[in-house]
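Asker: Here is my input; please provide its structure:
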Amino acid sequence: MREATAADHRAGQALSGRKVLLTGHTGFKGGWLALWLRRLGADICAVALPPCDGAPSLFEAARVGELLDHRIADIGDPAALVPALAGVDAEVIFHLAAQSLVRPSYTDPLGTFQTNVMGTAAIMDAARRMPSLRAIVIVTSDKCYDNREWTWGYRECDPMGGADPYSASKGCAELVADAFRRSYFSGPGAPLVATLRAGNVFGGGDWSVDRLVPDIVRAASTGLPLTIRNPLAIRPWQHVLEPLAGYLQVATALLEGDRSAGGAWNFGPDPAEAVDVGTFARTFVDCWGAGAPDIRYGQEVAAPHEAGVLRLDSTKARTILGWQPRLSFEAAVSLTVDWYKAYLRGGTDMRAYTQRQIDLYTRDTGLVRPVPHPFLESSTEIAACA
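Answerer: The predicted model follows:
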């Protein structure tokens with residue numbers, strides 16, 4: 001694990017006591033961000049769809065709803081969103097609520113556009129009526145770019161696009177945010193707006209359908225084999241805490257009035273760690289050890305289009321913000337395996353466990369584990385959460 005920076009302390013100073021509007025807190029990435037914001041002392045009002053009944057979620061496992069003003073609404077439905085935001089006057093908005101999967105967007109393209117495009121427009125419009133607002137952080141996706149299957153990473157100045165409804169909806173969300181920025185948030189004293197694009201994010205607590213890590217965990221917990229499609233597809237894999245650290249750095253700069261922090265930002269892994277799907281799956285299974293599922297490879301008939309190569313260029317964030325990934329690929333996988341194993345064995349306080357992983361990430365001590373491991377140092381520190 002690479003050395004932590006002073007950005008963590010700076011974010012705490014900027015966000016402590018701040019009124020935050022967070023959307024998407026019942027989702028995977030939003031749940032992690034909610035826990036990190038509370039750790040920094042933020043006062044959070046959160047709006048999202050309810051978690052799926054009967055399905056596991058980070059929101060339920062870590063009891064996220066107990067830490068914030070939890071409100072339920074569909075951001076794509078103005079009739080539901082307006083009353084849900086009644087009385088909310090945030091100082092900073094983190095907008096993460098979205099339909100976040102490529103393949104379901106083929107099944108429900110209209111719902112995908114309604115949530116990701118009109119939902120973003122609705123949040124931006126609500127922002128116009130918050131007099132205390134100083135910063136707006138809109139999270140989109142690495143798939144917002146017009147993907148030409150290039151071997152080099154996409155930069156923030158590259159054109160938006162999308163060959164599938166999900167990717168197109170994220171490109172549209174970027175355009176919506178930019179239009180609101182130029183039309184309503186460009187004058188002196190106006191809130192500053194940034195849009196953030198991250199790579200393929202993984203970590204403990206993701207139970208989404210049709211995502212690689214949840215599929216591996218489900219296979220491990222049921223004893224069924226795992227069938228991998230597109231094993232040669234290259235993705236910018238990164239632990240969820242990596243882009244969230246970048247989001248917090250951008251929000252901090254916006255709250256400090258740094259106009260250069262507005263606009264678009266990429267947060268991706270080191271280029272050498274953008275591995276293919278097959279390599280990721282084998283690494284994860286090897287790290288899981290006993291009880292890991294068997295990997296099989298298969299091609300679907302008439303499968304929907306998915307990108308073969310996708311990389312991000314994070315030079316801007318590294319150069320201007322001083323952001324950089326802190327976890328090696330192997331360490332990120334190990335951290336994720338630890339989380340799921342703690343959850344599956346039962347009896348673990350998953351809020352404390354998740355917060356401990358955040359603490360370890362932000363401290364200049366390196367990652368630690370309760371037992372020796374080929375990737376990480378041995379320690380009993382994290383065992384206290386189990």
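
Asker: for stretch 113-126, what is the average pLDDT?
Answerer: Mean pLDDT, computed over stretch 113-126, is 98.

Asker: repeat for stretch 54-74
Answerer: Stretch 54-74 comes out at a mean pLDDT of 95.

Asker: Span of that stretch from start to end?
Answerer: In stretch 54-74, first residue to last residue: 20 Å (C-alpha to C-alpha, to the nearest Å).

Asker: Show me what counts as buried in it.
Answerer: 56-62, 64-65, 67-71, 73-74 (16 or more other C-beta atoms under 10 Å). Every C-beta, even on glycine, is put in place using the N, C-alpha and C of the backbone.

Asker: Show residues contacting that stretch.
Answerer: 22, 25-28, 31-32, 34-35, 38, 44-51, 80-81, 83-85, 115, 119, 204-207, 343, 350-351, 354 (C-beta atoms under 8 Å, 6 or more residues apart in numbering).

Asker: Any figure for the gap between Ala6 and Gly12?
Answerer: Per C-beta to C-beta, to the nearest Å, Ala6 is found 10 Å from Gly12.

Asker: show me where the stretch 251-386 of the chain has helices.
Answerer: 277-288, 315-316, 329-345, 350-362 (DSSP state H, counting those that start in this stretch).

Asker: now these in JSON lines, with mean neighbour count and mean pLDDT?
Answerer: Converted to JSON lines, the helices of the stretch 251-386 of the chain look like this (neighbours: other C-beta atoms under 10 Å; pLDDT from 0 to 100):
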{"stretch": "helix 277-288", "mean neighbour count": "18", "mean pLDDT": "94"}
{"stretch": "helix 315-316", "mean neighbour count": "14", "mean pLDDT": "96"}
{"stretch": "helix 329-345", "mean neighbour count": "21", "mean pLDDT": "96"}
{"stretch": "helix 350-362", "mean neighbour count": "19", "mean pLDDT": "96"}
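
Asker: any chance of these in a markdown table, with distance to Phe185 too?
Answerer: Output for the helices of the stretch 251-386 of the chain, formatted as a markdown table (distance: least, C-beta to C-beta, whole Å):
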| stretch | distance to Phe185 |
| --- | --- |
| helix 277-288 | 39 |
| helix 315-316 | 21 |
| helix 329-345 | 35 |
| helix 350-362 | 30 |
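
Asker: nearest to Ile228, of those helices?
Answerer: Proximity to Ile228 (C-beta to C-beta) singles out helix 277-288 among those, at 5.4 Å.

Asker: The nearest residue to Met124 once chain neighbours are set aside sits in which helix or strand?
Answerer: Excluding the flanking residues, the one nearest Met124 by C-beta to C-beta, 6 or more residues apart in numbering is Phe180, at 4.1 Å. Element membership for Phe180, per DSSP states H and E: helix 165-184.

Asker: What are the buried residues along that helix?
Answerer: Applying 16+ other C-beta under 10 Å to helix 165-184 flags 165-174, 176-178, 180-181 as buried.

Asker: Repeat that for stretch 19-32.
Answerer: 19-32.

Asker: just for this structure, where's the confidence low?
Answerer: For the chain, the stretches with pLDDT under 70 are 1-5, 299-308, 364-386.

Asker: Let me see the ranges of the strands in it.
Answerer: 19-23, 43-48, 69-72, 92-95, 135-139, 192-198, 200-202, 226-228, 237-239, 263-267, 295-297, 368-369, 377-378 (DSSP state E).

Asker: Show me what the fourth one pairs with in its sheet, parallel or antiparallel.
Answerer: The one in question is strand 92-95. strand 19-23 (parallel), strand 135-139 (parallel) (DSSP bridges).

Asker: repeat for the second one
Answerer: When pairing is defined by DSSP bridges, strand 43-48 lines up against strand 19-23 (parallel), strand 69-72 (parallel).

Asker: hang on, the earlier thing: what angle separates the helix holding Phe180 from strand 263-267?
Answerer: Here helix 165-184 points in a direction 140 degrees away from that of strand 263-267 (axes from the mean of the first three to the mean of the last three C-alpha atoms, to 10 degrees).

Asker: Quick one: list the elements packing against helix 165-184.
Answerer: helix 102-107, helix 109-113, helix 119-127, strand 135-139, strand 192-198 (3 or more C-beta pairs under 8 Å, 6 or more residues apart in numbering; DSSP states H and E).

Asker: rerun that using 6 Å as the cut-off
Answerer: Where contact means 3 or more C-beta pairs under 6 Å, 6 or more residues apart in numbering; DSSP states H and E, helix 165-184 is packed against helix 102-107, helix 109-113, helix 119-127, strand 192-198.

Asker: and Val117, how many neighbours does it have?
Answerer: 19 (other C-beta atoms under 10 Å).

Asker: how close does it sit to Gly76?
Answerer: 9 Å.

Asker: and the gap between the residue nearest to Asp146 when sequence neighbours are not counted and Leu96?
Answerer: With C-beta to C-beta, 6+ apart as the measure, Gly161 is the residue that lies nearest to Asp146, at 2.5 Å, once sequence neighbours are left out. Between Gly161 and Leu96 the distance is 22 Å, computed by C-beta to C-beta.

Asker: Compare these two (neighbour count), which wins?
Answerer: Leu96 (26 against 15).

Asker: ok, now which ones touch the residue lying closest to that one once chain neighbours are set aside?
Answerer: Closest residue to Leu96 apart from its sequence neighbours, by C-beta to C-beta, 6+ apart: Gly24 at 3.6 Å. Neighbouring residues of Gly24 by C-beta atoms under 6 Å, 6 or more residues apart in numbering: Gly30, Ala48, Leu96, Ala97.
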